[in-house]
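Asks: make a model of this:
(chains A and B)
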Amino acid sequence: MKKGWISYPYIFWMILFTLVPLILVLYYSLTATDPSGVTVFTAENFRTFMQPIYMKVLMRSVILALASTLICLLLGYPVAMILSGRDLSHRNLMVLLFIIPMWMNFLLRTYAWMTILDRKGVINSLLGMAGLPQLNILYTDAAVILGMVYNFLPFMVLPIFSVLSKIDRSVVEAAEDLGSDSFTVFRRIIFPLSLPGVVSGITMVFMPAVTTFIISKLLGGSQYMLIGNLIEDQFTRVYDWNFGSAVSIVMMLLILVSMGVMSRYDKEEMGGGLL
Amino acid sequence: MAKHIIELVNLKKEYDGTEALKAINLYIRQNEFVTLLGPSGCGKTTTLRLIGGFEKPTSGTVLFEGVNINDVPPYKRRVNTVFQKYALFPHMNVYENIAFGLRIKKTDNDVIRQKVAAMLSMVNLEGFEKRSVESLSGGQQQRVAIARALVNEPEVLLLDEPLGALDLKLRKEMQLELKNIQQRLGITFIYVTHDQEEALTMSDTIVVMSQGTIQQIGTPQDIYNEPKNAFVADFIGESNIIDGVMLEDYRVRFAGHIFDCVDKDFGKEEKVDVVVRPEDIRLTREDRDLLQGRVSSVIFKGVHYEMKISDENGFEWIVHSTSMEPVDTEVGLMVQPGDIQIMKKVQTI
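Replies: Sure thing, here's the model as predicted:
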């Protein structure tokens, strides 16, 4: 490659902002400072994380992320189908309506949910006016899942929408022609062909959901612990960077594994390269 | 006389107020190879889609064996379609593509295997079962599309310009193959194309369409030899079309001369279109012929020469002949009365 030098700035950027921090995190995770102030290599940080209390946090993060991914899929797929429908007028406007919230700051949107769900918030005021009992939604699992679904839904809708709208109309007609009613067309043609979009939607929702710490902190309360909060606490409150780094490494591995699983699934199903 | 399997009665289709199809009437006999022929936008594909059930008529009816099927969805119609761009299922291999219709009908696996194998051998694709459809060439994909439709043993097969994407040689081969398949299986074929040669090669009946109306229905011979109007004459093969006046029965004046012809029953002094096929004009070196001209260009076309002859009125005649007259030769143009076709003027085509 003669023009290889063009990539040098990029390589430099990658080294500075990705590789070096990663090595630092790895270094911190594998070291500890003993009482005499000497840094030693140890697997102690990972052993600490193996304790049931932390395993529970990990499990909870994964389960909540899976739940919100599933809800996003169930809500997002029909929305994507409607958006890609051929009879829809103002399609661009509708798609825009889905994208606009993403332009607003993520924190602001989550704060907005706090005022809606709060004990004295919008929902409870309305319930009170109707003479119904008050609901305690804020600072529960439900609120955290709601926040995740709300924030990450566009990441599910958009990839599925883009795959669905690329499906050749005549393929659908061919299936009808060969005797499939609309449900069979969906089951045997549209859904299988949209799988690449589903896979990338799941990936794009699951990853931020499993690592979030803002949503869980704001909507779950300050005592609420997901793996993201655990890491944040180690760095900003407990100042145990070594343990925080170890948890980060575990989380990165988790993400890498799930990415690997998803991409393999993608290839097996689709023969690759459909997206 | 075979029964009419499909009948279109006053069938009309509008898209957003523009008429794609203007109340056409047409019947199709069983086991017939019918071609809908016309330039793009003439309504031929719309007609096919109405028969397939992919569009709903604005008014009029589609009858299948005498029964109105306007409201029958495509998956319940006993017709199958071969689509223009094949529309194969990209996530299935060749075998699964062909088996699709049978699987929907919950056919027994052994039966499916037999039928798919029979289809694959019919379209010369044995051994391609496991191939992904995206790895196939255009011609092979087309064969899969045909097999996928025919395996369901439809009563009528609709084909929407199925050979449009193939190169000339392959197209000719596939034309013969399709005709063969149609004759062997005895299925009614409704074929849409804009290629007049393709239509002439394969069809039992040709329906020439233009601007949403049917211009002429007939056998290939009828359509070629006795075009009903100037549009058909011009669209099917090359033609010399010249303004003329019908003087009386069997006498027509055009190009400044009076000719004998075989047509009658026109009004006195009625203005007509006169059509003469380029291969029906004979060139002579004598000047006793009525029409004289000078050769203005000669192009070699393989089997014949195409010559352009300017007559004394400046009209340029196209002449096809196996013998060549050099440019600037003075020639006489000889036309037999039977080769002069007189057509009523059509307002606007």
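
Asks: which element is the residue of the stretch 101-250 of chain B at minimum distance from chain A on?
Replies: Per Cβ to the nearest Cβ, B:G101 is where the stretch 101-250 of chain B lies closest to chain A, at 3.8 Å. Just so you know, the C-beta spots here come from the backbone N, C-alpha and C atoms, and that holds for glycine as well. Assigned by DSSP states H and E, B:G101 belongs to helix B:94-104.

Asks: packing partners for that helix?
Replies: Packing partners of helix B:94-104 (3 or more Cβ pairs under 8 Å, 6 or more residues apart in numbering or on different chains; DSSP states H and E): helix B:109-122, helix B:138-150.

Asks: how about the residues of the stretch 51-200 of chain B by chain A?
Replies: Residues of the stretch 51-200 of chain B lying close to chain A by Cβ under 8 Å from any Cβ of the partner chain are B:52-54, B:73-76, B:79-81, B:83-85, B:87-91, B:100-101, B:104-105, B:132, B:134, B:148-149, B:152.

Asks: which residues does A:E44 contact?
Replies: A:A32 (Cβ atoms under 8 Å, 6 or more residues apart in numbering or on different chains).

Asks: please pick the buried ones from the residues of the stretch 51-200 of chain B next to chain A.
Replies: B:52-54, B:74-75, B:79-81, B:83-85, B:87-91, B:100-101, B:104, B:148-149, B:152 (16 or more other Cβ atoms under 10 Å in any protein chain shown).

Asks: out of those residues, list just those in strands.
Replies: B:V79, B:N80, B:T81 (DSSP state E).

Asks: Three-state assignment for the closest residue to chain B within the stretch 1-150 of chain A, please.
Replies: Taking Cβ to the nearest Cβ as the measure, the point where the stretch 1-150 of chain A comes nearest chain B is A:R86, at 12.1 Å. Three-state assignment for A:R86 (DSSP: H, G, I helix; E, B strand; the rest coil): coil.

Asks: from what I can see it touches A:D168, true?
Replies: No - look at A:R86 against A:D168 with Cβ atoms under 8 Å: they stay out of range, at 11.9 Å.

Asks: the two - which one has more neighbours?
Replies: Using other Cβ atoms under 10 Å in any protein chain shown, the more surrounded residue of A:R86 and A:D168 is A:D168, with 15 against 8.

Asks: setting the sequence-adjacent residues aside, check what's closest to the more buried one.
Replies: On the basis of Cβ to Cβ, 6 or more residues apart in numbering or on different chains, the spatially nearest residue to A:D168 that is not a chain neighbour turns out to be B:A87, at 6.4 Å.

Asks: can you read off the pLDDT for that neighbour?
Replies: At B:A87, the pLDDT value in this model is 93.

Asks: so what does it have for phi and psi?
Replies: Taking degrees, to the nearest 10, you get phi 50, psi 40 for the backbone angles of B:A87.

Asks: list the contacts for A:F206?
Replies: By Cβ under 8 Å, 6+ apart, the neighbours of A:F206 are A:A65, A:L66, A:T69, A:S258.

Asks: quick check, nearest of the residues you listed to B:V272?
Replies: Proximity of those to B:V272 was ranked by Cβ to Cβ; the top entry is A:T69 with 75.4 Å.

Asks: helix/strand/coil for B:A2?
Replies: coil.

Asks: what sits against it?
Replies: By Cβ under 8 Å, 6+ apart, B:A2 lies in contact with B:R29, B:Q30, B:N31, B:E32.

Asks: ok, now with 7 Å
Replies: With contacts defined as Cβ atoms under 7 Å, 6 or more residues apart in numbering or on different chains, B:A2 is in contact with B:R29, B:Q30, B:N31.

Asks: report the separation between it and chain A.
Replies: Look at B:A2 and chain A: by Cβ to the nearest Cβ, to the nearest Å, they are 25 Å apart.

Asks: show me chain B divided up by domain.
Replies: Following automatic domain parsing, chain B resolves into domains at B:4-230, B:240-276+B:339-349, B:290-333.

Asks: from the chain's centroid, how far away is the first one?
Replies: In this view, domain B:4-230 has its centroid 13 Å away from the chain centroid, taken as Cα atoms, centre = their mean, to the nearest Å.

Asks: list the buried ones in the helix or strand hosting A:M207?
Replies: Element membership for A:M207, per DSSP H and E: helix A:191-211. Neighbour counts over helix A:191-211 (16+ other Cβ under 10 Å) mark A:192-211 as buried.

Asks: ok so, going back, surely the residue of the stretch 101-250 of chain B closest to chain A and B:N152 touch.
Replies: Yes - applying Cβ atoms under 7 Å as the test, B:G101 and B:N152 come out as touching, 4.2 Å apart.

Asks: now do the shared contacts for the two.
Replies: A:L178.

Asks: what parts of chain A come near chain B?
Replies: A:168, A:170-171, A:173-174, A:176-181, A:184, A:189, A:192-193, A:270-271 (Cβ under 7 Å from any Cβ of the partner chain).

Asks: now a PyMOL select for only the buried ones of the residues you listed.
Replies: The buried residues among these can be selected in PyMOL (16+ other Cβ under 10 Å) with this line:
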select buried, chain A and resi 170+171+173+174+176+177+178+179+180+184+189+192+193+270
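
Asks: taking the residues of chain A next to chain B one by one, which sit in strands?
Replies: The members of the residues of chain A next to chain B all map outside strands under DSSP E.

Asks: so where's chain A uncertain?
Replies: Along chain A, segments meeting pLDDT under 70 span A:1-2, A:266-275.

Asks: list the residues that contact the residue nearest to B:E226 when sequence neighbours are not counted.
Replies: Nearest non-adjacent residue to B:E226, counting by Cβ to Cβ, 6+ apart: B:Q341, 6.9 Å away. Residues in contact with B:Q341, defined by Cβ under 7 Å, 6+ apart, are B:E226, B:P227, B:A233, B:V275.

Asks: next one: B:Q341 from B:A230, what distance?
Replies: 10 Å (Cβ to Cβ, to the nearest Å).

Asks: so for those two, which residues contact both of them?
Replies: Shared contacts of B:Q341 and B:A230, defined by Cβ under 7 Å, 6+ apart, comprise B:V275.

Asks: what's residue 118 in contact with, if anything?
Replies: Looking at chain A here, since you left the chain open. Neighbour list for A:D118: A:L138 [criterion: Cβ under 7 Å, 6+ apart].

Asks: mind giving me the domain split of chain A?
Replies: Following the assignment in automatic domain parsing, chain A carries domains at A:1-42, A:52-264.

Asks: between the two ends of the last one, how far is it?
Replies: Across domain A:52-264, the terminal residues are separated by 31 Å (Cα to Cα, to the nearest Å).
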